[in-house]
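1. have a look at this prediction, sequence included:
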Amino acid sequence: MSSVPSPQPSPALAASNDAIQTLGRHFPESVRQAYARFVLTRVPDDADIVVMAVMLDHRPDKKRAPTTVPEDTLALVADLGFDSVALTEMVFFLEDLFGVRISNDEILRVRTVGDLRAFVRRKLATQPGAAPPA
Amino acid sequence: MSRKALVTGLGFITSIGNDRDAVRRSLRELRPGLERIEFLGNPSLPVRVAGTIKDFQADSASWRDWRYPARYELPRETLRGLSAHGLYALCAVEQALEDSQLARGALTDGATGLYCASAGSAFMLHHHLAHLHAVRGERGNPMGVVASIAGTLNFNLAAHYGIRGAVGGFVAACASSSHALGCALDDIRLGRQTRMLVVGGEEVNAETLLPFAAMRALSTNADPATASRPFDRGRDGFVGSGGAVCLILEEETLARARQAPVYAELAGWGQAADGFNIAVSHPEGAGLAEAMRRTLADAGLAPGDIDYVNAHATSTPAGDRSEALALRKIFTDAGARPRVSSTKGLTGHPLSMSGVMEAAFCCLALREGFTPGNANLVEPDEACAGLDLPTQTLETGPTNVLNNSSGFGGSNVCHVLRKV
């Protein structure tokens, strides 16, 4: 367990959590199921499916990159067309979805798809139990 | 002033139609755009009618949930910074560019500017602040500010279209887009810009409109057919509305050189404040009368030269009376009798977008030769004695039109539009 307290969503937030609502309304069934499984079992592979779907959804220019999950070596900005606003949007979405807090310093170190995947895994491992009920 | 400004393009997302032809039909046939509405899922609220926007579904805080006509192709980079009235505004600008036969690339020349007016999105602001409170300030949507605050229209439209000239927003409540239009005219007259986009927008939801019920300013008439009745004795408040309108103004030589379609000349404007009350207009319309006087002087016209006035009259007991008295002072006392109508009987009152919306209506009337009538006017208020208030749209068009707007704090702004 981390000594840093996780920012637990209040009941008001859980009821109107934009990220959970968006996941439920606009993401494929396979991603919604992976999120539901993760909330129950906290298996990292399930979170991974969700994180990759969220990353693909937040690409500003969808014409610049494939719609399938890209290689770990691809850079979010140079290869996938992310700008700083889209990166910030994606981080906010992941924070709300998993109930974690991500600092500016942390996100600045995430440059590639593989970095993002690994970073979220580490984050969820050190802030367990933070995900709000699906 | 040697430089003239011509209106060369219009775009409409309004309660009476989402394109020029639908709006024109409504004005000519007096087809209203009001509907029954239930705010906040509360059937016991006394306010039950609004000027709704059809064919759009944008009542969610998430742009992913929005539905809008397929003809508009809007990228996610733009959608993510918008609120509902920003969506309406983008669609109105798209129409106006097409109407004016302008390519998007023409807006990036530095000689094109953008003035906007809206109160911002109270709905979006409330949503994002509620989230901020729920997480005790830990995080917030990074687009929350630019999608919410007053200025959201100019932030978004300037970025989307790459506008590099004068860009700004006006905040004077229900006179705001009239200020925007007047200052746009000044920029063209002074040679600072050769083309200006003027955009007004508002949302039709509880967060924007119900606060006016707290002021006892909204109609509690539950019948959409009669709730908005400017100048009528039976009026009991305004009916809220929203949407967005874009008007493109171009310096005459530029417009003529590119053979742009022309609706009218924006020939003058003026403003004067009441200096009287934060919310109630001067009982005799002193500020509005002075604004009309200054506008006529700016356009070089006498009261007798005006043959149609598009009144601000929102259907409130006090405001309509003040405007009627101001109109009598300027016109009746000078022996002039222009036709007067308030198109808010059809549209409801879209707050800060009123001025540019009604200027656009006047452009349609001038180019196409009709004079909008007063919908729902059955028994004129005694304050209107001597005014010519047609109850049907006339198939004769005006030559010089005066367009009035008034806002909180007693801001009054008028324009003259002239047939070309």
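-> Nice, I can see it.

2. contacts, neighbours, all on C-alpha from now
-> Noted.

3. and for the residue of the stretch 301-420 of chain B found nearest chain A, the neighbour number?
-> Going by C-alpha to the nearest C-alpha, chain A is nearest to B:Pro350 of the stretch 301-420 of chain B, at 28.8 Å. A count of nearby residues for B:Pro350, using other C-alpha atoms under 10 Å in any protein chain shown, gives 30.

4. do the same with A:Val39
-> Neighbours of A:Val39 (other C-alpha under 10 Å): 19.

5. tell me if it really is in a helix.
-> Yes: if the criterion is DSSP: H, G, I helix; E, B strand; the rest coil, then A:Val39 is within a helix.

6. phi, psi for B:Leu6 please.
-> Per-residue torsions, B:Leu6: phi -110, psi 150 (degrees, to the nearest 10).

7. re the thing from before, report the contact partners of the residue of the stretch 301-420 of chain B closest to chain A.
-> B:Cys174, B:Gly201, B:Glu202, B:Gly240, B:Ser241, B:Gly242, B:Gly243 (C-alpha atoms under 8 Å, 6 or more residues apart in numbering or on different chains).

8. the second one and B:Gly242, how far apart?
-> In other words, B:Gly201. Distance of B:Gly201 to B:Gly242, computed by C-alpha to C-alpha, to the nearest Å: 6 Å.

9. looking at the two, which one has more neighbours?
-> Neighbour count, other C-alpha under 10 Å: between B:Gly201 and B:Gly242, B:Gly201 has more, with 34 against 31.

10. re earlier: as JSON lines, the contacts of B:Pro350 with distance to chain A, pLDDT and secondary structure would be great.
-> Below are the contacts of B:Pro350 laid out as JSON lines (distance: C-alpha to the nearest C-alpha, whole Å; pLDDT from 0 to 100; DSSP: H, G, I helix; E, B strand; the rest coil):
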{"residue": "B:Cys174", "distance to chain A": "32", "pLDDT": "95", "secondary structure": "helix"}
{"residue": "B:Gly201", "distance to chain A": "25", "pLDDT": "98", "secondary structure": "strand"}
{"residue": "B:Glu202", "distance to chain A": "23", "pLDDT": "98", "secondary structure": "strand"}
{"residue": "B:Gly240", "distance to chain A": "27", "pLDDT": "98", "secondary structure": "strand"}
{"residue": "B:Ser241", "distance to chain A": "27", "pLDDT": "98", "secondary structure": "strand"}
{"residue": "B:Gly242", "distance to chain A": "25", "pLDDT": "98", "secondary structure": "coil"}
{"residue": "B:Gly243", "distance to chain A": "25", "pLDDT": "98", "secondary structure": "strand"}
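
11. now those residues as a markdown table including distance to B:Ala257?
-> Output for the contacts of B:Pro350, formatted as a markdown table (distance: C-alpha to C-alpha, whole Å):
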| residue | distance to B:Ala257 |
| --- | --- |
| B:Cys174 | 35 |
| B:Gly201 | 31 |
| B:Glu202 | 35 |
| B:Gly240 | 41 |
| B:Ser241 | 38 |
| B:Gly242 | 35 |
| B:Gly243 | 32 |
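
12. which one of these sits in the busiest neighbourhood?
-> B:Gly201 (34 neighbours).

13. how about the nearest residue to that residue, chain neighbours excluded?
-> B:Ala244 (4.0 Å; C-alpha to C-alpha, 6 or more residues apart in numbering or on different chains).

14. show me where the stretch 201-350 of chain B has strands.
-> B:243-251, B:264-273, B:308-310, B:339-341 (DSSP state E, counting those that start in this stretch).

15. could you say what helices and strands the last one packs with?
-> The contact analysis (3 or more C-alpha pairs under 8 Å, 6 or more residues apart in numbering or on different chains; DSSP states H and E) places strand B:339-341 against strand B:308-310.

16. how about residues contacting the strand it packs on?
-> Against strand B:308-310 from outside (C-alpha under 8 Å, 6+ apart): B:338-343, B:358, B:362, B:371, B:398, B:400-404.

17. likewise stretch B:293-303?
-> B:Ala267, B:Gly268, B:Trp269, B:Gly270, B:Gln271, B:Ile330, B:Phe331, B:Ala334, B:Ala336, B:Cys414, B:His415, B:Val416.

18. who in chain B is up against chain A?
-> B:62, B:64, B:76-77, B:131, B:134-135, B:138-143 (C-alpha under 8 Å from any C-alpha of the partner chain).

19. so can I have CSV of those residues showing pLDDT?
-> Shown next, in CSV, are those (pLDDT from 0 to 100):
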residue, pLDDT
B:Ser62, 93
B:Arg64, 92
B:Arg76, 87
B:Glu77, 88
B:His131, 91
B:Ala134, 90
B:Val135, 88
B:Glu138, 86
B:Arg139, 87
B:Gly140, 89
B:Asn141, 92
B:Pro142, 93
B:Met143, 95
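
20. in PyMOL, select just the buried ones from those residues.
-> This is how PyMOL selects the buried members of those, with burial counted by 16 or more other C-alpha atoms under 10 Å in any protein chain shown:
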select buried, chain B and resi 62+76+77+131+134+135+139+140+141+142+143
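
21. was I right to think B:Asp65 contacts B:Leu79?
-> No: B:Asp65 lies out of contact with B:Leu79 (C-alpha atoms under 8 Å); the separation is 11.0 Å.

22. picking that back up, identify the bridge partners of the residue nearest to B:Gly201.
-> B:Ile13, B:Gly201 (DSSP bridges).

23. which ones are touching it?
-> Going by C-alpha under 8 Å, 6+ apart, B:Ala244 touches B:12-14, B:85, B:88-89, B:92, B:199-202, B:353, B:357.

24. tell me the mean pLDDT for stretch B:316-327?
-> Stretch B:316-327 comes out with an average pLDDT of 98.

25. using PDB, write down the CA coordinates of it.
-> Backbone C-alpha positions of stretch B:316-327 (Å, rounded to 0.1, in the frame of the first residue of the first chain) are rendered in PDB as follows:
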ATOM      1  CA  THR B 316     -41.900  42.100 -20.300                       C
ATOM      2  CA  PRO B 317     -44.400  44.600 -19.000                       C
ATOM      3  CA  ALA B 318     -41.800  47.200 -18.000                       C
ATOM      4  CA  GLY B 319     -39.400  46.800 -20.900                       C
ATOM      5  CA  ASP B 320     -41.900  47.000 -23.700                       C
ATOM      6  CA  ARG B 321     -43.600  50.000 -22.200                       C
ATOM      7  CA  SER B 322     -40.200  51.900 -21.900                       C
ATOM      8  CA  GLU B 323     -39.400  51.100 -25.500                       C
ATOM      9  CA  ALA B 324     -42.800  52.100 -26.800                       C
ATOM     10  CA  LEU B 325     -42.400  55.500 -25.100                       C
ATOM     11  CA  ALA B 326     -38.900  55.900 -26.400                       C
ATOM     12  CA  LEU B 327     -40.100  55.100 -30.000                       C
END
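
26. touching it from outside, list them.
-> B:217-219, B:230-231, B:235-238, B:280-286, B:288-289, B:311-314, B:381, B:383-384, B:387.

27. swap in 6 Å and give it another go.
-> B:Phe231, B:Asp236, B:Gly237, B:Phe238, B:Pro283, B:Glu284, B:Gly285, B:Ala289, B:Ala313, B:Ala383, B:Cys384 (C-alpha atoms under 6 Å, 6 or more residues apart in numbering or on different chains).

28. I'd say the third one and B:Ala217 touch.
-> The reference is to B:Gly237. Yes: in terms of C-alpha atoms under 6 Å, B:Gly237 counts as a neighbour of B:Ala217; the distance is 5.1 Å.
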